[in-house]
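1. pasting a predicted model and its sequence here:
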Amino acid sequence: MFNKILIANRGEIACRVIKTARRMGIRTVAVYSEADARARHVRLADEAVCIGAPPPKESYLVFEKIIAAALETGAQAIHPGYGFLSENEDFAESCAQNGIVFIGPPVGAIRAMGSKSEAKKLMEKAGVPLTPGYHGDNQEPEFLRQQADAIGYPVLIKAAAGGGGKGMRVVNKSGEFLDGLASCKREAASSFGDEHVLIEKYLQRPRHIEFQIFGDSHGNCVHLFERDCSVQRRHQKVLEEAPAPGMSPERRAAMGKAAVDAAKAVGYVGAGTVEFIVPGAADENAARDGSFYFMEMNTRLQVEHPVTEMITGLDLVEWQLKVGSGETLPLQQEQLKIRGHALEARIYAEDPDKGFLPSIGRLIHLSPPQENLNVRVDTGVEQDDEISPHYDPMIAKLIVWDGSDTNARERALARMLQALADYRVVGVSNNIGFLSRLVACPAFAGADLDTGLIERERTFLFPEAAEPPAEAWLVAALAELIRDQQFAAAHAVESRDPHSPWHTRDGWRLNGAARREIRLRIGELEKVVNAGYAGERYALEFEGMSTMATGRFIGDSELRVDLGGRRINVTVVSANEKRHVFIDGVSHIFSAIDPLFHAGSGGGAEGGLTAPMPGKVIALIAAVGAKVDKGAPLLILEAMKMEHTIAAPASGTVKAFCFIVGEQVSDGAELVEFEADKKT
């Protein structure tokens, strides 16, 4: 077994590997970019080496720097994690040339599966079922459109070297094909350095089911059952679960055998995932006859591997380290069993209401649910850390498990809802509320799964913003009153006369108690809570209702509240003028209004279009001087490895572009000078 390993990654997966290595008595070396100097994985590792500037192409993707760091620190092996260099054959080969063990598959397996096109040819020879499509080398646009026309629409354009939902486009008709192809090739070249694509028939309402496989260098290979990863947005997984709902023993056996056959066809060693597309009910009789099609093989550990660990009771990173050091697989196929049901939700810094646009900033407050036998949190960040524009905006993976013999999935769903309700994030937009609705969605709860679930359930998942309940307004007001008292008490202690009555905030007046108005706003809605002082309690009045209230802060943000005899535990986090109130599993963001402050009537430049986040302009779609309709694409911004189309906010004229293709833009930068048509 190794004494020291280097982890060629960052964030959550680097922390995950360090955890297992430490338990096994293996020392760890972290690598980090200048942006990650204070990152959690750097703090956890035994040693850390800086490998360059923040952009991945200058740090985490430069394998020569990583090899040098391993040699410098005496690391015997390198764990690549997922993403970055985890499926880079040149990196794996360089490790071998320098006498360093690459904790992953052989170079030949990476090469064979690194191209989706070549992988499909290999799988066809091995007898693994394939989705109808074109996987050849001819990349001439008109030829590819002809192939798509022959396959029949809709089709899916996929980057041959892709993964993680990047470099993928669904095209519904021939006239849209060339634009979709160009966009897909740009994203593929940016993310993978290879614009080669393949074309496949796009199945209607398919399920995405993958099998975890593991091989060793002694010829043994097993599968550790399946995961259902059907719930996706932008072809990226959002919720994963294991085992797959409704999976019959016969289909599991057939798909498991196909996965192992695929692995054996390339002499696979280590952890890998064979991904299948399974036709849904909309695909004629295919869903009923047990059909499934090979999609791709990921030659690494997957983001969603924890759900497999939870249902098998195994540590897959430990298996990787053992197999990487030359040991045989710890268990054979007949020794592997499924127990219970597990779910994983990816907590992202993003805004679901704005097309899942990533969010960046400091994590002012971060409080995950308590971990136990049934709840696990894998994360790469802690409170006060930054979500950077340079990397994936994942905050954490929330995993729950229930081992019940019956209704395990139903109970796991309940555990997930509670865990999401207990998650507290302030400082960046996040998808926790969206995930809660997704888990509660009747379609998901009823296991009516397919990759289009989020789109077809938009009415349920993206409801109109509801007004906060009265309790939320009352709690926000009560928190203001209590914090005001705390501030006065702290100020009194620091003053020359701590017993001066001028420091008190008890509302005493010579001829009766004082009253106070607390103004709060959420969105465009502004309301007032009237407060009267009654000893240690407050008489709160709100929209015709009155209640006596008391409260006490535990720490900085946990508030124990009594509202008219009803006791509740809430969280209230202050961040500048914002008051984040977490109550009954829902977050409400109020603005506290100072009546003595009068803001000006300023605003942004009328008609301007600004960057929603830092990024790079990669295409100007409209022409200067062109008349365009509302919603027409104007330019394309690349941010966090994804393309974002900036569209016209109304019908009007493009007056000028503020940047040229290739230029970097900052958050909020004006991108387009736009003149909207005057309303008549």
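-> Ah, there it is.
2. low-confidence stretches in the stretch 51-200 of the chain?
-> Within the stretch 51-200 of the chain, the segments meeting pLDDT under 70 span 163-164.
3. again, but for the chain
-> 163-164, 281-289, 491-513, 594-608, 640-642, 680.
4. quick one, longest helix in it?
-> Counting residues, the longest helix in the chain under DSSP state H turns out to be helix 470-494.
5. list the buried residues of that helix.
-> For helix 470-494, the neighbour count (16 or more other C-beta atoms under 10 Å) marks 470-483, 492 as buried. To be clear about C-beta, it is placed using only N, CA and C from the backbone, and glycine gets the same treatment.
6. and for stretch 403-417?
-> 403, 408, 409, 411, 412, 413, 415, 416, 417.
7. grab the nearest non-local neighbour of the first one.
-> Spelled out, it's residue 403. In this structure, residue 403 finds its nearest non-sequential neighbour in residue 340, 3.7 Å apart by C-beta to C-beta, 6 or more residues apart in numbering.
8. follow-up on the earlier one: which one of the buried residues of helix 470-494 is nearest residue 518?
-> Closest approach between those and residue 518, by C-beta to C-beta: residue 477, at 4.3 Å.
9. the closest one contacts residue 531, correct?
-> Yes: contact criterion C-beta atoms under 8 Å: residue 477 and residue 531 qualify, at 6.4 Å.
10. and the residue nearest to residue 77 when sequence neighbours are not counted, how far is that from residue 30?
-> Nearest residue to residue 77, sequence neighbours excluded (C-beta to C-beta, 6+ apart): residue 101, at 3.8 Å. Going from residue 101 to residue 30 by C-beta to C-beta, to the nearest Å gives 18 Å.
11. now residue 72
-> In terms of C-beta to C-beta, residue 72 sits 13 Å off from residue 30.
12. so what sits against both of those two?
-> Both residue 72 and residue 30 are in contact with residue 49, where contact means C-beta atoms under 8 Å, 6 or more residues apart in numbering.
13. compare those two and say which one has the larger neighbour count.
-> residue 30 (28 against 12; other C-beta atoms under 10 Å).
14. what about the more buried one, helix or strand, and which?
-> Residue 30 belongs to strand 27-33 when assigned by DSSP states H and E.
15. by contact count, what packs against the helix or strand that contains residue 252?
-> If you go by DSSP H and E, residue 252 is part of helix 249-265. If contacts are counted by 3 or more C-beta pairs under 8 Å, 6 or more residues apart in numbering; DSSP states H and E, helix 249-265 sits against helix 116-125, strand 207-215, strand 221-233, strand 270-278, strand 293-298.
16. go with 6 Å
-> Where contact means 3 or more C-beta pairs under 6 Å, 6 or more residues apart in numbering; DSSP states H and E, helix 249-265 is packed against strand 207-215, strand 221-233.
17. for the buried residues of helix 470-494, which one is nearest residue 111?
-> Closest to residue 111 out of the buried residues of helix 470-494 is residue 472 (56.4 Å), distances taken as C-beta to C-beta.
18. I figured that closest one was touching residue 585, is that so?
-> No: Residue 472 is beyond contact range of residue 585, at 12.0 Å (criterion: C-beta atoms under 6 Å).
19. using the three-state scheme, assign residue 540.
-> strand (DSSP: H, G, I helix; E, B strand; the rest coil).
20. that one: how many residues sit nearby?
-> Residue 540: 24 surrounding residues under other C-beta under 10 Å.
21. OK, contacts around the nearest residue in space to residue 264 that is not next to it in sequence?
-> Leaving aside its sequence neighbours, residue 264 sits nearest to residue 221 (C-beta to C-beta, 6+ apart; 5.6 Å). Residue 221 sits next to 215, 260, 263, 264 when contact means C-beta atoms under 6 Å, 6 or more residues apart in numbering.
22. look up how far residue 126 lies from the last one.
-> The spacing between residue 264 and residue 126, counted by C-beta to C-beta, is 8 Å.
23. now the third one
-> According to C-beta to C-beta, residue 263 stands 10 Å off from residue 126.
24. of the two, which one has the most company?
-> For residue 263 and residue 126, the more surrounded residue by other C-beta under 10 Å is residue 263, and the numbers stand at 28 against 15.
25. you'd agree that one is up against residue 216?
-> No: applying C-beta under 6 Å as the test, residue 263 and residue 216 come out as separate, 11.0 Å apart.
26. any idea how far the residue nearest to residue 264 lies from residue 294?
-> In terms of C-beta to C-beta, residue 221 sits 16 Å off from residue 294.
27. do residue 104 as well
-> 21 Å.
28. who's more crowded, the two?
-> Per other C-beta under 10 Å, whichever of residue 104 and residue 294 has more neighbours is residue 104, with 30 against 23.
29. grab the nearest non-local neighbour of the more buried one.
-> In space, residue 104 is closest to residue 270, 5.2 Å off (C-beta to C-beta, 6+ apart).
30. count the neighbours of the one you found for me.
-> For residue 270, the neighbour count with other C-beta under 10 Å is 24.
31. could you do residue 544 as well?
-> As a burial measure, residue 544 scores 6 neighbours (other C-beta under 10 Å).
32. tell me the phi and psi of it?
-> For residue 544, the backbone dihedrals (degrees, to the nearest 10) come out as phi 90, psi -10.
33. ditto for residue 556
-> Torsion angles, degrees, to the nearest 10, at residue 556: phi -80, psi -30.
34. give me the neighbour count for it.
-> 11.
35. what about it, distance to residue 367?
-> For residue 556, the distance to residue 367 - C-beta to C-beta - is 10 Å.
36. try residue 80
-> Residue 80 is 31 Å from residue 367, by C-beta to C-beta.
37. higher neighbour count, the two?
-> Set residue 80 next to residue 367 and count neighbours by other C-beta under 10 Å: residue 80 wins out with 27 against 17.
38. now do the contacts for that one.
-> With C-beta under 6 Å, 6+ apart, residue 80 has these contacts: 8, 86, 104.
39. my read: the first one touches residue 64, true?
-> Looking back up the chat, that one is residue 8. No: the criterion here is C-beta under 6 Å, and residue 8 misses it with residue 64 at 11.8 Å.
40. looking at those two, which is more packed in?
-> Using other C-beta under 10 Å as the criterion, residue 8 and residue 64 rank with residue 8 on top: 32 against 10.
41. who's in contact with that one?
-> Counting by C-beta under 6 Å, 6+ apart, residue 8 has contacts 66, 78, 80, 85.
42. inside helices: which ones of these?
-> Among the contacts of residue 8, the members found in helices (DSSP H) are residue 66.
43. among the contacts of residue 8, which one lies nearest to residue 211?
-> Nearest member of those to residue 211, counting by C-beta to C-beta, is residue 80, at 20.9 Å.
44. how about the closest one, nearest residue that isn't a chain neighbour?
-> residue 86 (3.9 Å).
45. number of residues surrounding that neighbour?
-> 23.
46. is it true that it touches residue 299?
-> No: contact criterion C-beta under 6 Å: residue 86 and residue 299 do not qualify, at 7.7 Å.
47. residues touching the residue nearest the centre of the chain, list them.
-> Nearest to the mean C-alpha position of the chain, by C-alpha atoms, centre = their mean, lies residue 348 at 3.7 Å. Residues near residue 348 by C-beta under 6 Å, 6+ apart: 393, 394, 431.
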